[in-house]
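# Have a look at this prediction, sequence included:
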Amino acid sequence: MVPWELELLNNTIPTESLYIVEFAPDVAYETLEWIVQKFRQRVLDNGAELIVKMEPYDPSKGFRVHLSCTMACLVKLAESVRLKKISKKGQLREFSLIEIDEFIDSPEEVHGVFTSAEKQGLLRYALYNLRATPHERFLPGYPNIRLYHGQSIVEKCYSKGIIVQIYPLHDLPNLKQLGKKWYKTILEPQPLDEVRAYFGQGLAMYFSFLGFYTSYLILPALFGCFQLLLWLLNFEDGIELFCIFNVLWATIFIEMWKRRSNELAYTWGTLTPAPYDDPRANYRGKLLADPVTGQIQPYYPRWKTLIKVYCGSLPVVFLCLLVAFYIMLWSFWSEEWLLAKQKEEWPIYELALYIPGIVYTLIIVIMNRFYRIFATRLTEWENHRTESQFERNRVVKLVLFEFVNNFMSLFYIAFYLQNMEMLRMQIATMLIVLQFLNHFEEALLPIALRYGSEKVEEFLVNYLAKKKRYRRFLEARLKREDAENRLTAEDIRNLKTDEISSDNPAYRQAVDEGLLESYYGTIEDYLELFIQFGYVFLFSAVYPMAGILALLNNLLEIRADAFKMCKVFQRPPSMKVRHIGAWQPALQFLGALSVLTNCGLLYLSPSLRSSFSDWSETSWLLLWAGVEHLILALQLVLAMVIPNVPLWVRQSMARSEHEIRRKLEERVHSDLEKRLSKPCDI
């Protein structure tokens, strides 16, 4: 180990504030003291070895602490999590202090060895890896809250409302530079490497998928323009070509994205899955020794979870699907009623025809919001052990409901009513309205609510403060809260924690970002793309504008989502992902279903049927059944021909494995030579 490596190991200079932990205003002093002590204790003493600074205490707003750590602590954490980084030779290797010269050339580069996302990800690992010891069976100050050996203390406190907020602070200089290259441009490629370095792999994977999907919408948009031109020139032909193209292009896109996601996962060091996942914080069960780790953890029989899934959740989800289907039928009954009124020659008849579709779309948006909350609670009740199992089951529920809510009406129009004109109008209405509402809800509404609520609150406080009766009520309430609050000024002093000044920019930044909405993950964003993918590839053969509208929407979506990540929401925690999760099979399902829908549209095409008027109905049906089987077989061939993992990734993984074996052999030979060189005692 060279001297500057020793200097790094002994480095005690703290980093900037990385994480903010906000406690509830009525938190027990015993709990606060115990957790803060855990934050500061050495790792050997079951602590996190973090640097803790507290903000000036305000009893009405709770207790907020700033967490940071030293470079020496980051190095230890990186080795603990076996962080993988690209070496100077371009190889993906595990970070090690002993081999730090494989990653940097000089001591001046030490502070840049970890990206912003890696720093806050490592600190988050230290924070959430604070686990209860065998002797810590209850949370101090809350004897009714039990702890089991190995349980995450921070997750438990957050789930019980003792900790109300945990969020990383933005790195403002880096964020400003990222914003210039990201949401402040229009047609420039996304700086994905910088997005990953700042936000982590989870968000970078989403934006990679969004950009990749958008690039594959260019050809459908061009074909859509061509078909639209044919229709304007009164040429009905073209639907056959568009249907076949949609099916093949959807398959090629899905298979090529598998390759791309594996490339990204390898480059980011997440291609190899973790051997064992810890249980979720809200996982409930009998405390038993884990057969793998030996730690005392909650155990809930898997068969009980499966009974809840198939005998409880599945019937409830099916009932929700029936309600959504009935509301869809109501919209069509309303439209039929309006069509019957055509004989009365309403002056606004043409506009009135759009009312049921618009109302139905708004109902879909409202139902989606309620169902997503309900699906989360239902999945929580099922009691899945790991976070990946929880997310997978929640995504399945959302996909089923969204499919019925968004696409069942299109199936009804296309294959029951067989009204292609109505199908075009329904797709146009739902696609345009949904995309507009999504942009408004994601980017504009949070800002409007934030600044609007501040203005309303300021007005009410100023107005009511003038009322003598309200002033007395407010003073009495403050006295009562002071008497009920468990923390005193003496309690805060006893914590013996450095205080961060209110003049410190980090204090103002923590206050401002604490008022922002929390970002609850990419599930909403993926769901939006899932629905759009269905509109483009399932029925867009009868509405060529679908591909064009989707392309234009996504060009705006990339910048709008980038803006909301930088300006609207709190900075999300850095998450490691291998791929897009359960959304991959969901897209594959739509890709396979697109074969059925497009072949069905071709079977019902009047222009194509008239060209084969001498064919019987049975022969015509058998023809398209055969075409459907042929295209499905072609999809399987494409899936087998296009490898999921590129050749260069397989070769790089083989080289890395060979390098590890070579170094291990050298170390074994070196140890053996040292032993043989020692004189034998006779």
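It's in.

# and Phe20, that's in a strand?
Careful, residue 20 is Ile; it's not Phe. Yes. Assessed by DSSP: H, G, I helix; E, B strand; the rest coil, Ile20 belongs to a strand.

# Give me the spatial nearest neighbour of Pro279, chain neighbours excluded.
Spatial nearest neighbour of Pro279, excluding adjacent residues (CB to CB, 6 or more residues apart in numbering): Arg385 at 5.2 Å. C-beta here means a position set from N, CA and C on the backbone, and glycine is covered the same way.

# Can you name the residues that contact the one you found?
Residues near Arg385 by CB atoms under 8 Å, 6 or more residues apart in numbering: Asp277, Pro279, Arg280, Tyr283, Tyr300, Arg302, Thr305.

# What about those residues, which are in strands?
Among the contacts of Arg385, the subset assigned to strands under DSSP state E is empty.

# got the end-to-end distance for stretch 603-621?
Counting by CA to CA, to the nearest Å, you get 7 Å between the two ends of stretch 603-621.

# Please name the nearest non-neighbouring residue to the residue sitting nearest the centre point of the chain.
For the chain, Thr522 is the residue whose C-alpha lies nearest the centre (CA atoms, centre = their mean; 2.4 Å). In this structure, Thr522 finds its nearest non-sequential neighbour in Tyr206, 4.5 Å apart by CB to CB, 6+ apart.

# Tell me which residues touch Gln120, please.
Gln120 makes contact with Leu18, Tyr19, Pro168, Arg571, Pro573, Ser574, according to CB under 8 Å, 6+ apart.

# Would you mind measuring from the third one to Leu122?
So that's Pro168. Distance, Pro168 to Leu122, using CB to CB, to the nearest Å: 11 Å.

# remind me which residues of the stretch 401-550 of the chain are low pLDDT?
For the stretch 401-550 of the chain, the stretches flagged by pLDDT under 70 are 439-494.

# ok, which stretches of the stretch 451-600 of the chain are helices?
Using DSSP state H, counting those that start in this stretch, the helices of the stretch 451-600 of the chain run over 468-484, 489-494, 505-514, 523-538, 545-563, 583-604.

# Adding distance to Gln426 and mean neighbour count, write those helices out as JSON lines.
Shown next, in JSON lines, are those (distance: least, CB to CB, whole Å; neighbours: other CB atoms under 10 Å):
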{"stretch": "helix 468-484", "distance to Gln426": "53", "mean neighbour count": "11"}
{"stretch": "helix 489-494", "distance to Gln426": "61", "mean neighbour count": "12"}
{"stretch": "helix 505-514", "distance to Gln426": "42", "mean neighbour count": "15"}
{"stretch": "helix 523-538", "distance to Gln426": "10", "mean neighbour count": "22"}
{"stretch": "helix 545-563", "distance to Gln426": "11", "mean neighbour count": "21"}
{"stretch": "helix 583-604", "distance to Gln426": "14", "mean neighbour count": "20"}
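
# In JSON lines, list those along with distance to Leu314.
Shown next, in JSON lines, are the helices of the stretch 451-600 of the chain (distance: least, CB to CB, whole Å):
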{"stretch": "helix 468-484", "distance to Leu314": "46"}
{"stretch": "helix 489-494", "distance to Leu314": "51"}
{"stretch": "helix 505-514", "distance to Leu314": "40"}
{"stretch": "helix 523-538", "distance to Leu314": "20"}
{"stretch": "helix 545-563", "distance to Leu314": "32"}
{"stretch": "helix 583-604", "distance to Leu314": "17"}
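
# Of all those helices, which one is nearest Gln418?
Among those, the nearest to Gln418 by CB to CB is helix 583-604 (5.9 Å).

# Show me the contact partners of that closest one.
Taking CB under 8 Å, 6+ apart as the rule, helix 583-604 contacts 239-240, 243-244, 246-247, 250-251, 254, 257-258, 261, 395, 399, 411, 414-415, 418, 420, 526, 530, 533-534, 537-539, 541-542, 608, 620-621, 624, 627-628, 631-632, 635.
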